[in-house]
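**Student:** Quick one: sequence and predicted model below, then my questions.
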Amino acid sequence: MKNQVQLITYVDRLGGGDLAALRALLQGPLAGVFGGVHLLPFFHAIDGADAGFDPIDHLRVDPRLGGWDDIRRLAADTELMADVIVNHVSSDSPQFQDYAARGEASPHAGLFLDFERVFPQGARAADLLALYRPRPGLPFTALTLAGGVRKLLWTTFTPQQLDIDVRHPQGRDYLQAILQTFAANGIRMVRLDAVGYAIKRAGTSCFMLPETFDFIAEFAGQARALGIEVLVEIHAYYQRQIEIAQRVDRVYDFALPPLVLHALFFGTAEPLKAWARVRPANALTVLDTHDGIGIIDIGADAADRQGRPGLVPPHELDALVERIHANSGGASRQATGAAASNLDLYQVNCTFYDALARDDLRYLLARAIQFFLPGVPQVYYVGLLAGENDMALLARTGVGRDINRHRYSPAEIEAALARPVVARLLALIRLRNAHPAFGGTFTLQPSAPQVLSLRWQQGADWAEFELDLATLAHHLAYSGPLGERCALALA
């Protein structure tokens, strides 16, 4: 993976609606801006129960977007990442439709995980209460198969997303076919979606078990054999994220978004600096993604009876969430938790720009922090355009995360690119991509509690960013081609 800023985007939501239009955008107004692109689910179908994260056919490009030839053309221009939906498949998939029609006689019967495979002796209340849940309720859906046979199938997320038995030969074959198809079409990195829930064992939380790491290692080995790098997507207590990072290729720094907000809201750099000292080096840094702003990642360990503390105190975490709601004019409250479907118990749904009350300076300072911390930065397409909460889309769908999934027309993109905040963000991205210092050594410089001071050095090349969180006084400077001191203005 190139050490350059990457774009995260849905194909159909960024200017034109298909792969050819996205390629034209990347070769036109955004030429040279990104070192890679993470294409969010482009499989058939992109408009299911979870915006493509419930694939009907993981091996087929949704024809409304194009075909595999379009993926190959895009891959020839830029590094591509795609999602492997490890944990589940759509209830509309041909595999499940056959299973529903033929029951155990179906050749796909082994693909779907049911209650009995995990709890062959039945489950006690304590077993069910121990399950780690990202959403309210138990992870089971009762369905009637052929001949009136009733089955309790495992559905971690929604009833339309049926969990795969990844340890069954049919589950292994299903996932291997995805990897082979991706490799044949130029995809060089995959993101394992919801992999923390992939392995279930009776008497456990069924989340990030020792066997889960074994599964990730096995899957990553298969991917590497095909020339594919693996990113693991897991929201968890920060110490657990550190442990996970030691055993996988790459992880997300999901603690960074709320910590940056905390720093800007509370005027202190201390929790952010504490994290910078211990955070994984093999991280992809993000401020926004297709999901909400994670909260669990900096809070206390909810799974630990000893109550291991988080990176910020509970009252400050609560105040951070309330500040997001206030900054967004209450829009994020309408899209979060019990206020909307697709419930996520540990995320606040809001664009990052709105979380900062549409303050251009604070938004660019947040991006500078992201780009100066070690890791490969990713920028979500809404964040790239300093996008605002889409309340109309939220009203139409009732899905909380749609508040941050606006569909941009070409005209909207043109208008956004003309805004000073977006122009300055593009300049910051180009600096991060091109300056040789970012391939060197990172130093968290000693500073006062309210000051964050970050520096990169490689030979005679250097780049530094210093920010006083109390006053927002800052400077961003770097060495020029002749060794002269240059500066980039964020305001």
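**Tutor:** Okay, I see it.

**Student:** per the record, what domains does this protein have?
**Tutor:** 6-86+169-439, 94-162, 443-487 (automatic domain parsing).

**Student:** Highest mean neighbour count across those, which stretch is it?
**Tutor:** Compared across these, domain 6-86+169-439 shows the largest average neighbour count, a mean of 20 (mean count of other Cβ atoms under 10 Å). Yep, even glycine has a C-beta here, placed from its N, CA and C like the rest.

**Student:** Check the contact between Leu476 and Ala368; I expect there is one.
**Tutor:** Yes: Leu476 lies in contact with Ala368 (Cβ atoms under 8 Å); the separation is 6.0 Å.

**Student:** Which neighbours do the two have in common?
**Tutor:** In terms of Cβ atoms under 8 Å, 6 or more residues apart in numbering, Leu476 and Ala368 are both contacted by the residues 428, 465, 490.

**Student:** Filter those residues down to the ones in strands?
**Tutor:** Of these, the ones assigned to strands by DSSP state E are Phe465.

**Student:** correct me, but Tyr452 touches Ala366?
**Tutor:** You called it Tyr, but residue 452 is Leu. No: under the criterion of Cβ under 8 Å, Leu452 is not in contact with Ala366, lying 11.3 Å apart.

**Student:** now the domains of the chain as a markdown table including mean pLDDT?
**Tutor:** Below are these laid out as a markdown table (pLDDT from 0 to 100):
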| stretch | mean pLDDT |
| --- | --- |
| domain 6-86+169-439 | 94 |
| domain 94-162 | 94 |
| domain 443-487 | 97 |
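
**Student:** Now for the nearest residue to Val451 once chain neighbours are set aside: which residues touch it?
**Tutor:** Spatial nearest neighbour of Val451, chain neighbours left out: Asp468 (5.2 Å); criterion: Cβ to Cβ, 6 or more residues apart in numbering. Applying Cβ under 8 Å, 6+ apart, we find Asp468 in contact with 450-451, 474.

**Student:** Ramachandran coordinates for Asp468?
**Tutor:** phi -90, psi 110 (degrees, to the nearest 10).

**Student:** Next, find the distance separating it from Leu113.
**Tutor:** Distance, Asp468 to Leu113, by Cβ to Cβ, to the nearest Å: 52 Å.

**Student:** nearest to Glu388, of the contacts of Asp468?
**Tutor:** Nearest to Glu388 among the contacts of Asp468: His474, at 24.3 Å, using Cβ to Cβ.

**Student:** thought the closest one was touching Arg362?
**Tutor:** No: in this structure His474 lies outside contact range of Arg362 using Cβ under 8 Å: 10.7 Å.

**Student:** Report the central residue of this structure.
**Tutor:** With distances taken as Cα atoms, centre = their mean, Thr289 lies nearest the centre of the chain, 4.9 Å away.

**Student:** what is the closest residue to that residue other than its chain neighbours paired to in the beta sheet?
**Tutor:** Setting aside the residues directly before and after it, Thr289 is nearest to Tyr380 in space (Cβ to Cβ, 6+ apart), at 5.5 Å. Tyr380 forms beta bridges with Ile8, as assigned by DSSP bridges.

**Student:** Quick one: residues contacting Tyr380.
**Tutor:** Taking Cβ under 8 Å, 6+ apart, we find Tyr380 in contact with 8-9, 286-290, 352, 404.

**Student:** If we only consider these, which is nearest to Arg323?
**Tutor:** Distances from Arg323 to these, taken by Cβ to Cβ, are shortest for Phe352, at 13.2 Å.

**Student:** now that closest one: how far from Thr289?
**Tutor:** 10 Å.

**Student:** now what about whichever strand or helix holds Glu316, what contacts it?
**Tutor:** Using DSSP states H and E, Glu316 sits within helix 314-327. Applying Cβ under 8 Å, 6+ apart, the contact partners of helix 314-327 are 258, 261-262, 265-266, 293, 295, 298-300, 310, 312, 332-333, 336, 348, 350, 354-357.

**Student:** Tell me which of these fall in strands.
**Tutor:** The members of these that map onto strands under DSSP E are 293, 348.

**Student:** can you tell me which of the contacts of helix 314-327 are in helices?
**Tutor:** Using DSSP state H, the members of the contacts of helix 314-327 that fall in helices are 258, 261-262, 265-266, 332-333, 354-355.

**Student:** Out of the residues you listed, name the two that are farthest from one another.
**Tutor:** So, the ones in helices among the contacts of helix 314-327 by Cβ to Cβ: farthest apart are Phe266 and Arg333, at 20.4 Å.

**Student:** about what we covered before: which one of the shared contacts of Leu476 and Ala368 sits closest to Arg167?
**Tutor:** Leu428 (44.8 Å).

**Student:** Surely Gln457 is in a strand?
**Tutor:** Yes: assessed by DSSP: H, G, I helix; E, B strand; the rest coil, Gln457 belongs to a strand.

**Student:** Next up, the contacts around it.
**Tutor:** Gln457 neighbours (Cβ under 8 Å, 6+ apart): 437, 440-441, 443.

**Student:** Report the separation between it and Pro436.
**Tutor:** Counting by Cβ to Cβ, the gap from Gln457 to Pro436 is 10 Å.

**Student:** ok, now Tyr380?
**Tutor:** Distance from Tyr380 to Pro436, by Cβ to Cβ: 27 Å.
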